[in-house]
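Student: Quick one, structure for this:
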Amino acid sequence: MKVKLFFAFTIMLSIFLVGCGHEQDDVVINYFKSLEAGKLDDAISYLSEPNRKGVDSVEGRQALAASANIFKKRKGIKKIEISRREVTGETAKIVYAYTFNDGSTVDDYLPLVKEKGKWKISN
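Tutor: Model (predicted):
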């Protein structure tokens, strides 16, 4: 009984904490996780309309696939951390760092724009 109660509490706490996150952070994290998994169509869904048009070509998809291959070469993502978020109206800048399982790290930022009520990665 105590195990079931603990399990239920853990699930409720997890749901609450996920709800406390920032939608912009989720877009960036889910984009990278999609790339890591090789799910290019999922990754593309996080891009703004102009960026989606940019990867519609064969060359654009190849470039995106090459980015996804970097994750494989570095043995996947160990963790992603959002270090700063600047939101101004319908635009945002998300500064992040991710650590690969091989120990290497990347620090950079992604600009976001609100498109049809949802945050998307822009350029």
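
Student: So what's the gap between stretch 69-86 and the chain middle?
Tutor: 9 Å (Cα atoms, centre = their mean, to the nearest Å).

Student: Pull out the buried positions in it.
Tutor: 71, 74, 77, 80, 82, 85 (16 or more other Cβ atoms under 10 Å). In this view, the C-beta of every residue, glycine as well, is placed from N, C-alpha and C.

Student: next one: stretch 111-123
Tutor: The neighbour-count check on stretch 111-123 (16+ other Cβ under 10 Å) flags 112-114, 119-122 as buried.

Student: Just flag the most distant two among those residues.
Tutor: For the buried residues of stretch 111-123, the maximum inter-member distance is 11.6 Å, found between Lys114 and Ile121 (Cβ to Cβ).

Student: Give me the contact list for stretch 83-97.
Tutor: Here stretch 83-97 makes contact (Cβ atoms under 8 Å, 6 or more residues apart in numbering) with 22, 24-25, 27-28, 80-82, 105-114, 119, 122.

Student: Inside strands: which ones of those residues?
Tutor: 80-82, 105-114, 119 (DSSP state E).

Student: so what's the residue nearest to the spatial centre of the chain up against?
Tutor: Geometric centre of the chain, nearest residue: Ile29, 2.2 Å, by Cα atoms, centre = their mean. By Cβ under 8 Å, 6+ apart, Ile29 lies in contact with 80, 82.

Student: Please report how far it lies from Ile77.
Tutor: 9 Å (Cβ to Cβ, to the nearest Å).

Student: again, but for Ser57
Tutor: Distance of Ser57 to Ile77, given as Cβ to Cβ: 27 Å.

Student: cool, and Glu23?
Tutor: 20 Å.

Student: What of Ser34?
Tutor: In terms of Cβ to Cβ, Ser34 sits 11 Å off from Ile77.

Student: what does Lys120 give?
Tutor: Taking Cβ to Cβ as the measure, Lys120 falls 21 Å from Ile77.

Student: before we move on, what about Asp41?
Tutor: 19 Å.
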